[in-house]
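Asks: fold the stuff below for me.
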Amino acid sequence: MTEALAAWTPRALSVLRVITGLMIIEHGTAKLIGFPVVPSFANLQPLSLLGAAGFIELIGGALLIIGLWTQPAAFILSGEMAVAYFMVHAPRSFFPLINGGTLAIIYCFACLYLSTAGAGPWSLDATMKRK
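Replies: Numbers count the residues shown, from 1 in each chain. Prediction:
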């Protein structure tokens, strides 16, 4: 069974990339265009720190979804999530479960992994490499 699953490893990398991108882009659209509606983002200023995070999430999430420039985009997103954790969540409590930072940590390390592993076979990066 291990050998059968091993054949799917590159495809699973692509699926991880797409799902991570979809989850991150949702944060960007909520901040910048108000969809989905998140009450705490209602009066967000686009040129604020939170607005800048929204632009990074919107553009970076889109790049992850299509698999274009995956490694640099994922590296930037990983850094953004680390900053989000240490600026917003860590001051609330040492424990991520209590400070609400578990999602930021997961995004940070998923993106850090993508920044080293690449986009996988179902991506524009792989298509451009083949040509």
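
Asks: pLDDT-wise, which helix or strand of this protein ranks last?
Replies: helix 2-6 (a mean of 86; mean pLDDT, DSSP states H and E).

Asks: quick check: what element follows that helix along the chain?
Replies: helix 9-32 (DSSP states H and E).

Asks: can you list the residues that contact stretch 31-43?
Replies: Identification of contacts with stretch 31-43 by Cβ atoms under 8 Å, 6 or more residues apart in numbering yields 26, 29-30, 44, 46, 50-51, 53-55, 57-58. Backbone N, C-alpha and C define where each C-beta goes, glycine included.

Asks: buried subset of those?
Replies: Neighbour-count burial (16 or more other Cβ atoms under 10 Å) is assigned, among the contacts of stretch 31-43, to 26, 29-30, 44, 50, 53-54, 57-58.

Asks: between those residues, which is nearest Leu64?
Replies: Nearest to Leu64 among the buried ones among the contacts of stretch 31-43, counting by Cβ to Cβ, is Glu57 at 10.1 Å.

Asks: quick one on the thing from earlier: mind listing which of the contacts of stretch 31-43 are in helices?
Replies: Judged by DSSP state H, helices contain the following of these: 26, 29-30, 50-51, 53-55, 57-58.

Asks: farthest-apart pair in the residues you listed, please.
Replies: The distance between the two most remote of those (Cβ to Cβ) is 16.1 Å, for Glu26 and Gly51.

Asks: tell me which element Ser115 falls in.
Replies: Using DSSP H and E, Ser115 falls within helix 102-117.

Asks: and that helix, how far from the chain's centre?
Replies: 7 Å (Cα atoms, centre = their mean, to the nearest Å).
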